[in-house]
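> predicted model follows, preceded by the sequence.
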Amino acid sequence: MEKVKVLIIGSGPAGYTAAIYTSRANLSPVVYEGIEPGGQLTTTTEIENFPGYPEGITGSAMMEDLKKQAQRFGADVRRGIITDLDLSQRPFKVKVDHEHEIEAEAIIVSTGASAKYLGLESEAKFRGMGVSACATCDGFFYRNKDVAVVGGGDTACEEATYLASICRKVYLIVRKNYLRASKAMQERVFNTPNIEVLFEHNTKEVLGDENGVTGALLYHSETKEERTIDIMGFFLAIGHNPNTEFLKGQLELDEQKYIKVVPGTSKTSVEGVFAAGDVKDPHYRQAITAAGSGCIAALDCERWLLSQN
């Protein structure tokens, strides 16, 4: 059985930043990248809001940079998925890909959260070419253009209002005949002249060509009547699923299955286990906040290990 000091589960800005800090503290971290090496950011095209990249950078290139930086200081970055773990006693026991066994003195969980998609083939085809799950990240590319937002909750209303400030027109596609958002958010939407709310509508297809999204084919939930809207951006705001399935019964999670931490720290309900990034953050979900929380988790972890000696 392999013995490691710090095991980091998941890559992305949180995992790689935690790896940079823990490796510089001589803790020889082992990072398992998980099912999507580099995390959600690798599905975005251009990142323009991360400090230090004046010309912008693609998500994949930035993750490659962070990974190289972690490896430069000695982080051991590996492919693999954690399929089993036991946090009931220390050292913690972990199984990778159902076979390789590891004992870890401390664990940092940075498995992220996955945006919920509608599950359409055309939606997957145009992901990163007009289909996005983050208006804050990608809205800028659609200045003075027409876009659509799918969803009826607070997030959808917030994204629609944000996009309305930079886009020419925003269609808000709502499955039900009402908005689930708070009254204040609803009022903001209804008081924004360039947002058109399409109640009781569903998306049948995302339309496009080799350059990206050109429209969406919608149908009315009741009448089944179809209509096409001309748009260049199609934004999903139907929620996120934190990747915590493997932690069920091991760590304390909130109602939405995000990892609960001691406020202002990365400490979880199990001593020696820390959480970083979107797996514990349902609110901000930005690369820069994930990286910051990776740093916090690394420092909390380092201090905790020192206190154990």
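That came through fine.
> retrieve the pLDDT associated with Val43.
Just to correct that, residue 43 is Thr rather than Val. Per-residue confidence (pLDDT) for Thr43: 67.
> so, low pLDDT: which residues of this structure?
43-45 (pLDDT under 70).
> pull the longest helix from it.
Using DSSP state H to define each element, the chain has its longest helix at helix 287-308.
> tally up the residues packed near the residue nearest to Arg24 when sequence neighbours are not counted, please.
The spatial neighbour of Arg24 that comes closest, neighbours along the chain excluded (Cβ to Cβ, 6 or more residues apart in numbering), is Phe73 at 5.0 Å. From N, CA and C alone the C-beta is placed, and that goes for glycine too. Look at Phe73: counted by other Cβ atoms under 10 Å, it has 16 neighbours.
> so what's Phe73 up against?
Phe73 is in contact with Ile20, Ser23, Arg24, counting by Cβ atoms under 8 Å, 6 or more residues apart in numbering.
> now tabulate those in a markdown table and tack on distance to Thr289 and neighbour count.
Below are the contacts of Phe73 laid out as a markdown table (distance: Cβ to Cβ, whole Å; neighbours: other Cβ atoms under 10 Å):
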| residue | distance to Thr289 | neighbour count |
| --- | --- | --- |
| Ile20 | 16 | 23 |
| Ser23 | 22 | 23 |
| Arg24 | 21 | 16 |
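> which single one of these is nearest to Ser165?
Ile20 (35.3 Å; Cβ to Cβ).
> the closest one: which element?
Using DSSP states H and E, the element containing Ile20 is helix 12-24.
> how about Cys157?
Per DSSP H and E: helix 154-164 holds Cys157.
> now the element after that helix, going C-ward?
Downstream of helix 154-164, the next assigned helix or strand under DSSP H and E is strand 169-173.
> enumerate the positions of the helix or strand following that next one that are buried.
Sequence-wise, the next helix or strand downstream of strand 169-173 (DSSP H and E) is helix 183-190. Buried residues in helix 183-190, defined by neighbour count with 16 or more other Cβ atoms under 10 Å: Met185, Gln186, Arg188, Val189.
> next, the angle strand 169-173 makes with helix 183-190.
Relative orientation of helix 183-190 and strand 169-173, computed by axes from the mean of the first three to the mean of the last three Cα atoms, to 10 degrees: 130 degrees.
> now do helix 183-190 and helix 154-164, the angle between them.
Using the same axes, to 10 degrees: helix 183-190 against helix 154-164 is 30 degrees.
> give me the contacts around helix 183-190.
Under Cβ under 8 Å, 6+ apart, the answer for helix 183-190 is Asp154, Cys157, Glu158, Ala160, Thr161, Leu172, Leu179, Ala181, Ile195, Val197.
> heading C-terminal from whichever strand or helix holds Thr136, find the next helix or strand.
In the assignment (DSSP H and E), Thr136 maps to helix 135-138. Following helix 135-138 in sequence order, the next helix or strand is strand 146-150 (DSSP H and E).
> name the helices or strands packed onto the longest helix of the chain?
Packed against helix 287-308 by the contact rule (3 or more Cβ pairs under 8 Å, 6 or more residues apart in numbering; DSSP states H and E) you find strand 2-9, helix 12-24, strand 100-109, strand 273-275.
> what residues go with each domain of this structure?
2-114+240-308, 117-236 (automatic domain parsing).
> what's the first-to-last distance across the last one?
With Cα to Cα, to the nearest Å as the measure, domain 117-236 spans 7 Å from end to end.
> select, out of the helices and strands packed on helix 287-308, the one closest to Gly139.
So among those, helix 12-24 is nearest, using Cβ to Cβ, at 19.7 Å.
> quick one: contacts of that closest one?
With Cβ under 8 Å, 6+ apart as the criterion, helix 12-24 contacts 6, 8-9, 29, 31, 33, 38-41, 62-63, 66-67, 69-70, 73-75, 77, 108, 110, 112, 276-279, 287-288, 290-295, 297-299, 301-302.
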